[in-house]
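Engineer: Here is a sequence with its predicted model. Questions after.
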Amino acid sequence: MINIEVNGKTIQAEAGEMLLAALNRAGIEVPTLCNMEGLPATGACRMCVCEVEGQRALVPACAFPIADGMKVKTHSQRVIEARRTILELLLANHPTDCFYCERNGSCKLQSLSVELGVRSHRYTGAKDNRPIDESSPAIVRDSSKCILCGRCVRVCENIQTVSCLDYIRRGSKAFIGNSFNEGMNVASCIACGQCVAACPTGALTGKNDIGKVVAALKDPNLHVVVQHAPAVSVSLGEEFGLPLGTDVMGKLHAALRKVGFDAVFDTSFSADLTIMEEATELVGRVTGGGVLPMFTSCSPGWIKFIETFYPEMLPHVSSCKSPQGMLGAVIKSCYAEKVGIEPKKIFSVSIMPCTAKKFEASRPELGRDGYQDIDAVLTTREAAQLFKMFGIDLGKLEPEAADSPFGERSTAGKLFGASGGVMEAAVRTAYYLITGENLKELKLEALRGLEGWGKEAHLDINGLKVGVAVVNSLGNARKIIELVKKGELKDIQFIEVMTCPGGCINGGGQPYGATVERVTARMKKLYDLDATESLRLCHENKELQRLYDEYLGKPNSEKAHHLLHTHYHERTPLT
Amino acid sequence: MTSSVSIIEEVQKILARYPNAGRDQLIPILQEIQGACGYLSREAVVEVGKQLHIPTSKIYGVATFYNQFRFSAQGKYHIQICRGTACHVKGSAAILDALVRELKINPGETTRDGLFSLEIVACIGACGLAPVMNISNNFHAKLTTQSIPGIIKSYRQQAAAAKGA
C-alpha cells in the first residue's frame, strides 16, 4: 500500500492500480461514463479527469496509474469546468428528445447533466442520422444516442467473447456497428442484452413489447395468460423502491391480475418440469452411453452462442426446451384443452429477466400449426413500466397465489434464477430418479455464488460417479467447451451454462444499474427461500405430478418429447 | 475476380504466405487481398477471420479505420477526386457533391452498373490544376460543377461504344 493525497486528505492506494479505482474505494465520487470495473480502461469519455500536481494537463483517473506521494484534486474549479465542457461536447450531437427515450430517467448522460448543472445547449454538432437498427427481435440500436464510450464493445468482447460490435470508421465519423454495417440480426449477436445493461444512454435498448401486450389485453377475443421467470420476483421490487432482495412473487401475481391478465402462471413451475425432463435425459445419457458431458439448455443466449460458434458440440446440449418454452407449449396444448379455448385465441406473455428470451420466443421450433407458443416477452424493466402505467404501486398490494394448473413451484425451480441453481435442482432430482430416495443434504454449497468459473461438485450416487460443473458468462462457456473438446473433463458429466455473469439475476432485461451488491441481494433471496420453504424438490411438486399423470405420461415420454423438447441448428452469421 | 470461390482461393493463397499469423499481420494481409482482388469482400473478410481467429467485426473495424481499404469492387472507371488543400480552396467540395449527385453513389461505393467507383484522395500532387480528379489515369483539371455531367457522359458513351464494338 502507498499513500496519496486527495483533496488535502491522505488515502491508501495499491501500487500499479489506476487512480479511479483508489478514489472509488475511498468513497470519493468521480463521474465516469466509460469505466467498467474489472475491464481495461479506455479513457474514452474523459469525464473522470482530475488535477494531479506536476501534470500540465488534467488526467483521466481511470487510466492514470497511482504513484507514491501523488497529490490529486478531484473537484477543483478547473476540473469541474473541464468536466462540464466535456459533457456539453458529448451533448453537442446528441438528440434532445429525452421525453421519448427509452432511457428517460435512467440515463447516465441525463443524470450527469443534472449533476453538473448543464442548462444550455452551447455547442451544436452534426447529428448522426444512421437509421435505427430494429432488425433484432431483442435489441434496438440507435447510434444517434451513442457517445462512443465502448462499454458495449468491451462487454461483448471481453465478457461474452461474442464480439459482434466494434468501432467502425474513425474520428468524427466513428460509430459502433457490426461487420459490414449489417443489422444485429445478421451479425453474430446472441441477444443476451449485456450491452444494453452496459450502455449509459439509450443507444442500445431492449426491444419494447409493451404495446403488443397492452393491445392483446384490450382485445376481448383473446385469452391473455402470463408467466414470470424465477429471477423476476427477486429484482422487480427494486423498480418500486423496495429493499434490495425483496421477493415480490405474491404481489406480482396480484399486479398482473390488476393489469388484466386472465391467468397467471409461474415459470418456476416449468423449471420443475424442465428438471424432470433434463434429469431423466441425463440419467439416460449416463447409464445408456449417450453423448457426455451434457450441457444445460435453459439460457437462450448460450444456445445461440453454441449454435453459432461451436455447432459441432450441439449433440452435447440437452434437448429440453427452456422453462419459458416448456410452459408456453403446455399452455397452448394441455391448458387450452382444459379450459376449452383454441390455442390461436390464447395470447401467451412471459416476463423474463432476459432480452434473449425475446429471440427465443421467435424461434420457429417453439410453436406448432402456424402459431408461436409465446406471443410476447416483457423484460423485468418492461413489467415495471407496465405496472406504473396502470398506476400500480407494487409494494402496496396484498400477495396472491398463481393460478392452477401451473401455479405451484418448488424452491429448486426458483433457484434457476441464479448461476448454479439449475444444477443444484437437477442433482436433487437425478439422485431421486436413480436411488428412489431423496438426498439427505440438499444444499450444494460448492455450486453457489456469483463466480463464473470453477464451481464443481462430484457425487457418488449408489456407486455411480457423477461430476457436475457450473459456469456463467460466455467467455467461461467458451473456456469449458475448449476443455471438453480437448478431452480434459473426463470426470464431468453435466455442465450448467448461464449466459449472463451470475445468472438470470443479472440478466440483460433486469433493472438498470445492476451492481454486485444488488445482484448478490437477489441471489441471497433465492437461497433464503430455499432454506425456509418446505417444497424444495422439483419431483415433489403436486401440480407437476398431476400434469404427468393426466397429460404427459412419464418424463421423456413421446408426448413429453413432442411438446417439451426441441432441436438446434448451426448458424452462420457474420462472425 | 467475381465468384466467391475464386476469392476464397486467392485469400487462402495469400494467407499461406503468413503462417501462424496473428492480429499484428492483419493489415499487410488485408493490403495483399485488396491488391489481388481489388477490394475486401465479405467472403474474404470472413475467411481471414476464420484463419486468424479474429471476429469479423474487429477486421471490419480495423479496415474501416483506414481510408485505403474498400469494400466493393472498383468500377470500370475509378474516379479519384482530390480533396487536398489547394483543391479544397478551389471548391472541390462542390465538385464532390456534383459527382455524388451525378453517379448516385457515395465515396467508397460503386455504381450498380459497375461502370464507376468513387474515392476521395488527399492530394494527388497536381495542385496547379485544382480542382482536379483522376478517372482511371486520365486527369481532369480545373473542374467546375457544370463540367461534371459532361465528363461522366463521355465515359458512359465510351463504355457503350466498347460494348457495341
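Structural biologist: Sure, I can see it.
Engineer: tell me the domain ranges of the chain?
Structural biologist: I'll assume chain A. For chain A, automatic domain parsing gives the domain ranges A:2-75, A:125-206, A:211-564.
Engineer: please go with chain B instead
Structural biologist: According to automatic domain parsing, the ranges for chain B are B:4-65, B:77-164.
Engineer: Over the shortest one, what's the mean pLDDT, rounded is fine.
Structural biologist: Domain B:4-65 shows an average pLDDT of 92 in the prediction.
Engineer: Between its first and last residues, how far does it reach?
Structural biologist: 25 Å (Cα to Cα, to the nearest Å).
Engineer: so which of the domains of chain A gets nearest chain B?
Structural biologist: Nearest to chain B, of all those, is domain A:125-206, at 3.7 Å by Cβ to the nearest Cβ. (Glycine included, C-beta is placed from N, CA and C.)
Engineer: give the contact list for residue 118.
Structural biologist: Since no chain was named, I'll use chain A. A:V118 is in contact with A:R84, A:L87, A:E88, A:L91, counting by Cβ atoms under 8 Å, 6 or more residues apart in numbering or on different chains.
Engineer: switch to chain B, that's the one I care about
Structural biologist: B:L118 neighbours (Cβ under 8 Å, 6+ apart): B:I79, B:I81, B:L99, B:V100, B:L103, B:I105, B:N106, B:P107, B:G108, B:E109.
Engineer: What of A:D133?
Structural biologist: Contacts of A:D133 (Cβ under 8 Å, 6+ apart): A:V140, A:R141, A:D142, A:S143, A:G183, A:M184.
Engineer: could you redo the last one with a cut-off of 6 Å?
Structural biologist: By Cβ atoms under 6 Å, 6 or more residues apart in numbering or on different chains, the contact set of A:D133 is A:R141, A:G183, A:M184.
Engineer: The first one and A:A229, how far apart?
Structural biologist: Remark: distance between A:R141 and A:A229 (Cβ to Cβ, to the nearest Å) = 25 Å.
Engineer: Kindly report the same for the second one.
Structural biologist: With distances taken as Cβ to Cβ, A:G183 is found 27 Å from A:A229.
Engineer: Neighbour count: those two, which is higher?
Structural biologist: A:A229 (31 against 15; other Cβ atoms under 10 Å in any protein chain shown).
Engineer: Let me know whether A:A356 touches A:Q194 as I believe.
Structural biologist: No: between A:A356 and A:Q194 there is no contact under Cβ atoms under 6 Å: 9.9 Å.
Engineer: ok, the two, which is more surrounded?
Structural biologist: Using other Cβ under 10 Å, the more surrounded residue of A:A356 and A:Q194 is A:A356, with 31 against 27.
Engineer: what about stretch A:437-445, average pLDDT?
Structural biologist: 94.
Engineer: in it, what counts as buried?
Structural biologist: A:L439, A:L442, A:L444 (16 or more other Cβ atoms under 10 Å in any protein chain shown).
Engineer: Please apply the same query to stretch A:207-215.
Structural biologist: In stretch A:207-215, counting by 16+ other Cβ under 10 Å, buried: A:K207, A:D209, A:K212, A:V213, A:V214.
Engineer: Please name the residues that touch the fourth one.
Structural biologist: A:V213 sits next to A:V349, A:A376 when contact means Cβ under 6 Å, 6+ apart.
Engineer: what's the longest helix in chain A?
Structural biologist: helix A:267-288 (DSSP state H).
Engineer: Next, the buried residues of that helix.
Structural biologist: A:267-283, A:285-286.
Engineer: what does stretch B:85-99 give?
Structural biologist: Under 16+ other Cβ under 10 Å, the buried positions of stretch B:85-99 are B:A86, B:C87, B:K90, B:S92, B:I95, B:L96, B:A98, B:L99.
Engineer: Those in helices, which ones?
Structural biologist: B:A86, B:C87, B:S92, B:I95, B:L96, B:A98, B:L99.
Engineer: so how far is chain A from the fourth one?
Structural biologist: B:I95 sits 20 Å away from chain A when distances are taken as Cβ to the nearest Cβ, to the nearest Å.
Engineer: Can you check the pLDDT for that residue?
Structural biologist: Confidence score, pLDDT, at B:I95: 96.
Engineer: Would you enumerate the residues in contact with it?
Structural biologist: With Cβ under 6 Å, 6+ apart, B:I95 has these contacts: B:P131, B:L143.
Engineer: any idea how far A:K344 is from it?
Structural biologist: Following Cβ to Cβ, the distance that separates B:I95 from A:K344 is 61 Å.
Engineer: Going by distance to A:C107, which of the buried residues of stretch A:437-445 wins?
Structural biologist: A:L444 (40.5 Å; Cβ to Cβ).
Engineer: Let me know the pLDDT of the residue lying closest to the closest one once chain neighbours are set aside.
Structural biologist: Excluding the flanking residues, the one nearest A:L444 by Cβ to Cβ, 6 or more residues apart in numbering or on different chains is A:E424, at 4.7 Å. pLDDT, A:E424: 97.
Engineer: Count the neighbours of A:E424 for me.
Structural biologist: A:E424, neighbours per other Cβ under 10 Å, totals 26.
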